[in-house]
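**Student:** Give me the fold of what follows.
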Amino acid sequence: MNRINPDKLKHSKWTAATPQNKEKHFMVTALIRDDDDHVIDVILEAVMTHRETTLPWQALKDDTTWLMGWR
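**Tutor:** Numbering: from 1, shown residues only. Sure thing, here's the model as predicted:
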């Protein structure tokens, strides 16, 4: 399980463990925060296709789906 500080996720790089649609490398482009300024979601952008995906930041903790850095 990846250990993550949600406040330091912006501009971090991630690799999909099982790439789909030739999208393997991703970068966190934005953090979505609640009223108390806690991070709730991240916006990941695929490097190759520039497609954006929004998901809960806790999903990045799953090392069977996401790997830290570009590999």
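
**Student:** hey, where'd the strands end up in the chain?
**Tutor:** 13-20, 23-33, 39-46, 52-56, 66-68 (DSSP state E).

**Student:** okay, the angle between the longest one and strand 39-46?
**Tutor:** So that's strand 23-33. 150 degrees (axes from the mean of the first three to the mean of the last three Cα atoms, to 10 degrees).

**Student:** Run through who's touching strand 23-33.
**Tutor:** 6-7, 9-16, 39-49, 51-54, 57, 70 (Cβ atoms under 8 Å, 6 or more residues apart in numbering). The way it works is simple: take the backbone N, C-alpha and C, and place the C-beta from them, glycine included.

**Student:** of those residues, buried ones?
**Tutor:** In these, burial by neighbour count holds for 6, 9, 12, 14, 16, 39, 41-46, 57, counting by 16 or more other Cβ atoms under 10 Å.

**Student:** mind checking which of the strands of the chain is nearest N2?
**Tutor:** Comparison of the strands of the chain against N2 by Cβ to Cβ identifies strand 66-68 as nearest, at 5.8 Å.

**Student:** What strands line up against the closest one, and which way round?
**Tutor:** strand 13-20 (antiparallel) (DSSP bridges).

**Student:** Quick one: distance of the strand it pairs with to the chain centre.
**Tutor:** 9 Å (Cα atoms, centre = their mean, to the nearest Å).
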